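S.K.: show me how the following folds:
(one chain, ligands or ions: 1)
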Amino acid sequence: MHCFAYQWATKITKSDAYKERQSNKVVMSAMAPAADKKLTGLVAAAFTPFTAQGEINVAEIGRYINYLREKQGVRSVFVNGTTGESMSLTVAERKTLAEAWCLKAKGKMDQVIVHVGCMSVKDSQELAHHAAQIGADGIAVIAPSFFKPNTAEALKKFLHEVASVAPSLPFYYYHIPAVTGVNVLGRDLMEGIEELIPSFRGVKFSGEDLMDFGQCVSYSKPHWSALYGVDEQLLAALAMGAHGAVGSTYNYLGCHFNELISAFEKDSLDQARTIQFKVQELLSYAKKLGFDLGVNKQLMNEVSGLCLGPPRLPLMPCPPERAQSIMKKYHSIFPDC
Ligand SMILES: CC(=O)N[C@@H]([C@@H](O)[C@H](O)[C@H](O)CO)[C@@H](O)CC(=O)C(=O)O
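M.R.: From the prediction side, this is the model:
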């Protein structure tokens, strides 16, 4: 489905969001910290909606939430992460987005986790503090990747500085070594972390090293979550003991992944494998044509009918013929969607 209405999508400014809060009689800064529930199941790594002019478009977030819930059976979101292009957003934009997600997800989503990692520890602290004020259910922090921490100790110190300004919020380390170039093992990061960060609640593990992931699972406390983030091999991570998964394709393939998880839980491994193989077939086809965030976002636009716009520079919009070809493949693999 093409997103013609996109050009006319309205942009809600921060002050509009503020007025909406006031009219709903929700004073977010006064909200009590969210109850600390273990994070499980599928978590959609949300795309950031942009207008055609490249401004953030919070007006689309309400429809986005309804779509995830009703069409994909996805009840938690991870906001301002990699898929959300956080590193291409300003701190002010990230606050506006986090506020809109928390406000609009209220009563509709189980958990809104806000990624607050930045290159600067100060910016990260500002966003962590803000996430606590607006009633987020948790925060996550990626390793800084320009000046990189080159030991587990340095990385833990950075995470501690951020977590300490929002001590009531569940805290997740966001491990994505292929993107950050920070190759500290997840398991090494976890060593002794709770003494340093009492709010630590787990890892979002977007890496292919299943041995390290397994070690994170086996080291985890019962109230922690080991969340896997390479969608094309989720089944392997479930076998390793994943408690949930955060990923981009759960935005538009969530219903299939929910079936995969149910099949796995019922020990129907053949059925679970069939679904994982279908996803692999789609993604390997897309990867051969060139699969980046621009392409991924366009697939979401096409499958969902939402108007999330193009990505922001330096990412480029998806060429129309590439989207068409991948969508044809999608319909051949998932004919009932
Ligand atoms: C490198 C990357 O973007 N990985 C994605 C995956 O969901 C990925 O898009 C998917 O496995 C397809 O390759 C997630 O791990 C990222 C993520 O969770 C996030 O946006 O925060």
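
S.K.: and stretch 75-89, how far from the chain's centre?
M.R.: Put simply, stretch 75-89 sits 5 Å off its chain's centre (CA atoms, centre = their mean, to the nearest Å).

S.K.: how long is that stretch from one end to the other?
M.R.: 25 Å (CA to CA, to the nearest Å).

S.K.: now check it, is it near the ligand?
M.R.: Yes - counting by CB under 6 Å from any ligand atom, the ligand is contacted by stretch 75-89 at Phe78, Gly81, Thr82, Thr83. In this view, the C-beta of every residue, glycine as well, is placed from N, C-alpha and C.

S.K.: same question for stretch 244-264.
M.R.: Yes - on the criterion CB under 6 Å from any ligand atom, stretch 244-264 is in touch with the ligand at Val246, Gly247, Ser248, Thr249.

S.K.: same thing with stretch 137-155?
M.R.: No - Stretch 137-155 lies out of reach of the ligand by CB under 6 Å from any ligand atom, never closer than 7.9 Å.

S.K.: if you count neighbours, what's buried in that stretch?
M.R.: For stretch 137-155, the neighbour count (16 or more other CB atoms under 10 Å) marks 137-145, 149, 152, 154-155 as buried.

S.K.: dump that stretch to CSV, keeping only the CA atoms.
M.R.: In CSV, the C-alpha atoms belonging to stretch 137-155 read as follows (Å, rounded to 0.1, in the frame of the first residue of the first chain):
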residue,chain,number,x,y,z
ASP,A,137,8.7,1.8,31.7
GLY,A,138,12.4,1.5,31.2
ILE,A,139,15.5,2.9,29.6
ALA,A,140,18.2,1.4,27.5
VAL,A,141,21.7,2.6,26.7
ILE,A,142,24.0,1.7,23.8
ALA,A,143,27.8,2.0,24.1
PRO,A,144,29.1,5.3,22.8
SER,A,145,30.8,4.6,19.5
PHE,A,146,32.9,7.6,18.6
PHE,A,147,35.2,7.6,21.6
LYS,A,148,34.7,4.0,22.5
PRO,A,149,35.0,2.4,25.9
ASN,A,150,37.7,-0.2,25.4
THR,A,151,37.2,-2.2,28.5
ALA,A,152,34.1,-3.6,30.3
GLU,A,153,35.0,-1.4,33.2
ALA,A,154,34.9,1.8,31.2
LEU,A,155,31.6,0.8,29.6
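
S.K.: quick one: mean pLDDT for that stretch?
M.R.: Average pLDDT, stretch 137-155: 98.

S.K.: distance to Leu238 added to the residues of stretch 244-264 next to the ligand, as a markdown table?
M.R.: Shown next, in a markdown table, are these (distance: CB to CB, whole Å):
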| residue | distance to Leu238 |
| --- | --- |
| Val246 | 14 |
| Gly247 | 13 |
| Ser248 | 18 |
| Thr249 | 15 |
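
S.K.: can you tell me which of the residues you listed is nearest Asp292?
M.R.: Ser248 (11.0 Å; CB to CB).

S.K.: what residues does the stretch 1-150 of the chain put near the ligand?
M.R.: Residues of the stretch 1-150 of the chain lying near the ligand (CB under 6 Å from any ligand atom): Ala45, Phe78, Gly81, Thr82, Thr83.

S.K.: and the furthest pair within those residues?
M.R.: Farthest-apart pair in those is Phe78 and Thr82; separation 9.3 Å (CB to CB).

S.K.: need the residues touching each of those two.
M.R.: Residues touching both Phe78 and Thr82 (CB atoms under 8 Å, 6 or more residues apart in numbering): Ala45.

S.K.: which of those two has more neighbours?
M.R.: Phe78 (30 against 21; other CB atoms under 10 Å).

S.K.: need the contact list for the residue of the stretch 51-200 of the chain found nearest the ligand.
M.R.: Residue of the stretch 51-200 of the chain nearest the ligand, by CB to the nearest ligand atom: Gly81 (2.4 Å). Each residue near Gly81 by CB under 8 Å, 6+ apart is listed here: Ala45, Ala46, His115, Ala140, Ile142, Tyr174, Val246.

S.K.: from the residues you listed, which ones fall inside strands?
M.R.: Secondary structure from DSSP state E places Ala45, His115, Ala140, Ile142, Tyr174, Val246 of these in strands.

S.K.: mind giving me the packing neighbours of the lengthiest helix in the chain?
M.R.: Identified as the longest helix of the chain according to DSSP state H is helix 269-289. If you count contacts as 3 or more CB pairs under 8 Å, 6 or more residues apart in numbering; DSSP states H and E, helix 269-289 packs onto helix 234-239, helix 250-265, helix 293-304, helix 320-333.

S.K.: ok, residues contacting that helix?
M.R.: 231-235, 238, 249, 253, 256-257, 259-261, 263-264, 291, 295, 299, 322, 325-326, 329-330, 333-334.

S.K.: report the inter-axis angle for the host helix or strand of Glu70 versus helix 293-304.
M.R.: Secondary structure assignment for Glu70, by DSSP states H and E: helix 61-72. Angle, helix 61-72 to helix 293-304, by axes from the mean of the first three to the mean of the last three CA atoms, to 10 degrees: 70 degrees.

S.K.: now do the residue nearest the centre of the chain against Val184, distance only.
M.R.: Residue closest to the mean C-alpha point of the chain, counted by CA atoms, centre = their mean, is Ala45 at 2.3 Å. Counting by CB to CB, to the nearest Å, the separation of Ala45 from Val184 is 21 Å.
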